[in-house]
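Visitor: only geometry, no sequence info:
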Ligand SMILES: O=c1[nH]c(=O)c2ncn([C@@H]3O[C@H](COP(=O)(O)OP(=O)(O)OP(=O)(O)O)[C@@H](O)[C@H]3O)c2[nH]1
Ligand SMILES: [Mg+2]
């Protein structure tokens, strides 16, 4: 297994996957390398449902093992929002800047001092005619009032990790990958790598 297709258009995720899989000698392709593949609608109500939708559709279209990532931010004071709508919280077309502005406005509206949140990531691995496998990861944090840091993507400038003393946008990619929801999900996947390699070489 030298090349793996990640069913994503998100360059921020793709960068993190590339760095994480490099350590295993695996090269990553994304949907940006396959412009002919149509957009898969994320109609699921959970990260797991959406991750399955994306991985299974693309595995069936390309007849190969495909990995997907469905992830997002859940804010306690907003009853778990933006959750599965994280990428399109402020509507289409997707915009990190508009999503962050809405997040800060919605939190301010509640008048609460509780700014705890978590990032969640579900990775799905689909192979045609096989049961899809899932790997999950989370990281806890606190939403800042102002943007801090310029690295990463999405909500990173507003996601402060108390145990590290930085937002995820102040971390290098390897620092973030060591502790992040995506890094933690990939650690679970890595534990299962022998089974995945057996699946793909069937
Ligand atoms: O600051 C962040 N740091 C992260 O590490 C992170 N991981 C996820 N997110 C947010 O959650 C959405 C995923 O939604 P999502 O899983 O549907 O992905 P997406 O639509 O961006 O791409 P695709 O993989 O579906 O093509 C993203 O767009 C972001 O807003 C993150 N924000
Ligand atoms: Mg998406």
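Guide: Cool, got the structure. For clarity, every value in this text was computed on a predicted model and none was experimentally measured. Numbers count the residues shown, from 1 in each chain. Ligands and ions are numbered 1, 2, ... in the order given.
Visitor: Find the residue at the geometric middle of this protein.
Guide: Nearest residue to the geometric centre of the chain (CA atoms, centre = their mean): residue 71, 3.7 Å.
Visitor: Now for the residue in the chain that ligand 1 sits nearest to, which secondary structure element holds it?
Guide: Here the residue of the chain nearest ligand 1 is residue 154; by CB to the nearest ligand atom that distance is 2.5 Å. Where C-beta positions appear, they are placed from N, C-alpha and C, glycine not excepted. When elements are assigned from DSSP states H and E, residue 154 belongs to no helix and no strand.
Visitor: Same check on residue 147?
Guide: Using DSSP H and E, no helix or strand contains residue 147.
Visitor: Now do the same contact list for the nearest residue to it once chain neighbours are set aside.
Guide: Nearest residue to residue 147, sequence neighbours excluded (CB to CB, 6 or more residues apart in numbering): residue 157, at 3.8 Å. Residue 157 is in contact with 100, 144, 147, 148, 149, 150, 167, 169, counting by CB atoms under 8 Å, 6 or more residues apart in numbering.
Visitor: From those residues, list just the buried residues.
Guide: 100, 144, 148, 149, 167, 169 (16 or more other CB atoms under 10 Å).
Visitor: how about the fourth one, secondary structure?
Guide: Assigned with DSSP: H, G, I helix; E, B strand; the rest coil, residue 149 falls in the coil class.
Visitor: I'd like to check which residues are in contact with the residue lying closest to it once chain neighbours are set aside.
Guide: Among residues not flanking residue 149 along the chain, residue 169 sits closest, at 3.1 Å (CB to CB, 6+ apart). Residue 169 makes contact with 147, 148, 149, 150, 151, 152, 156, 157, 159, according to CB under 8 Å, 6+ apart.
Visitor: and if we set it to 6 Å?
Guide: 149, 151, 152, 156, 157 (CB atoms under 6 Å, 6 or more residues apart in numbering).
Visitor: Check residue 177 too.
Guide: Going by CB under 6 Å, 6+ apart, the list of residues near residue 177 reads 16, 20, 183.
Visitor: if I look at it, how far off is residue 88?
Guide: Look at residue 177 and residue 88: by CB to CB, to the nearest Å, they are 25 Å apart.
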